[in-house]
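S.K.: what would the 3D arrangement of this be:
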Amino acid sequence: MKTKFVVLGGIILMSTSLFAQIAKKADGNDKRTDTVAYVYSTPEFSINDSSPTINLRDVDIISFKSKEDWMMYYKYKSRIQKVLPYVKIAKQLYGELKEEKESVKKRQYKHYRKDLEKEMRTKFEKELKNLTVSQGEMLFKLINRETGNNAYTIIKEIKGSMTAWFYELVGKRWGYDLKEHYDPEQEKMIELIIKEMGPAYNI
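M.R.: Alright, predicted model coming up:
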């Protein structure tokens with residue numbers, strides 16, 4: 001049976017990422033490393049046809065009018081690809097965690113959470129500290145998008161009001177608004193990239 005340590009892992013990962021990110025200054029050096037790829041399906045040939053038929057997948061053509069928009073596109077896509085594995089873990093285990101929290105006693109839950117936090121710090125703290133601040137911001141945005149809750153609400157649910165208040169206070173010191181909600185209308189570039197990524201995003 002899956003242990004509750006595993007169930008709690010994704011949420012502790014989010015808390016660990018917050019500690020790791022607010023403890024460093026922004027370097028602002030995201031590099032343009034992405035290119036737009038077009039993927040085609042394998043040609044299908046029919047023995048009875050006099051000529052082969054080729055089925056091509058629909059491709060969204062990305063076009064911007066300014067160099068600034070292109071730079072934003074490449075930067076955002078690079079950040080999304082970097083944090084995507086963490087977002088997938090967080091979303092999956094967040095759903096399971098909410099179910100598990102209702103089935104165990106408060107004391108047991110607190111014990112498991114503390115043990116898991118120690119385990120997650122050992123596994124992920126170094127990786128998360130290596131994220132740039134802009135990548136950390138993208139991590140929080142996507143977790144918000146996929147869970148429906150902002151970082152403050154998630155931390156409050158998992159670790160309590162006082163801890164959430166502390167995170168919020170320290171986050172503000174480094175420019176994070178943990179109560180900010182993800183708005184697709186305000187994040188059109190992110191939504192465009194997610195649509196373009198298609199199954200590769202798949203959270």
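
S.K.: where is the longest helix in this protein?
M.R.: Among the segments of the chain that qualify as a helix by DSSP state H, the longest is helix 67-101.

S.K.: in that one, what's buried?
M.R.: Judged by neighbour count (16 or more other C-beta atoms under 10 Å), helix 67-101 contains these buried residues: 73-84, 86-91, 93-94, 96-97, 100-101. Any C-beta I mention is one placed from the backbone N, CA and C, and that applies to glycine too.

S.K.: send over the helix or strand that it is followed by as PDB, restricted to the C-alpha atoms.
M.R.: Using DSSP states H and E, the helix or strand that follows helix 67-101 in sequence is helix 106-129. Output in PDB follows, covering the C-alpha atoms of helix 106-129 (Å, rounded to 0.1, in the frame of the first residue of the first chain):
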ATOM      1  CA  LYS A 106      -4.400  15.000  13.200                       C
ATOM      2  CA  ARG A 107      -1.400  13.700  15.300                       C
ATOM      3  CA  GLN A 108      -0.600  11.100  12.800                       C
ATOM      4  CA  TYR A 109      -0.800  13.500   9.900                       C
ATOM      5  CA  LYS A 110       1.500  16.000  11.700                       C
ATOM      6  CA  HIS A 111       4.000  13.200  12.300                       C
ATOM      7  CA  TYR A 112       4.000  12.000   8.700                       C
ATOM      8  CA  ARG A 113       4.300  15.500   7.400                       C
ATOM      9  CA  LYS A 114       7.300  16.400   9.400                       C
ATOM     10  CA  ASP A 115       9.100  13.200   8.400                       C
ATOM     11  CA  LEU A 116       8.300  13.800   4.800                       C
ATOM     12  CA  GLU A 117       9.500  17.300   4.900                       C
ATOM     13  CA  LYS A 118      12.900  16.100   6.100                       C
ATOM     14  CA  GLU A 119      12.900  13.500   3.300                       C
ATOM     15  CA  MET A 120      11.900  16.000   0.600                       C
ATOM     16  CA  ARG A 121      14.500  18.500   1.700                       C
ATOM     17  CA  THR A 122      17.200  15.800   1.300                       C
ATOM     18  CA  LYS A 123      16.000  14.900  -2.200                       C
ATOM     19  CA  PHE A 124      15.000  18.200  -3.700                       C
ATOM     20  CA  GLU A 125      16.300  21.200  -1.800                       C
ATOM     21  CA  LYS A 126      19.600  21.400  -3.800                       C
ATOM     22  CA  GLU A 127      17.700  21.200  -7.100                       C
ATOM     23  CA  LEU A 128      15.200  23.900  -6.100                       C
ATOM     24  CA  LYS A 129      17.800  26.200  -4.800                       C
END
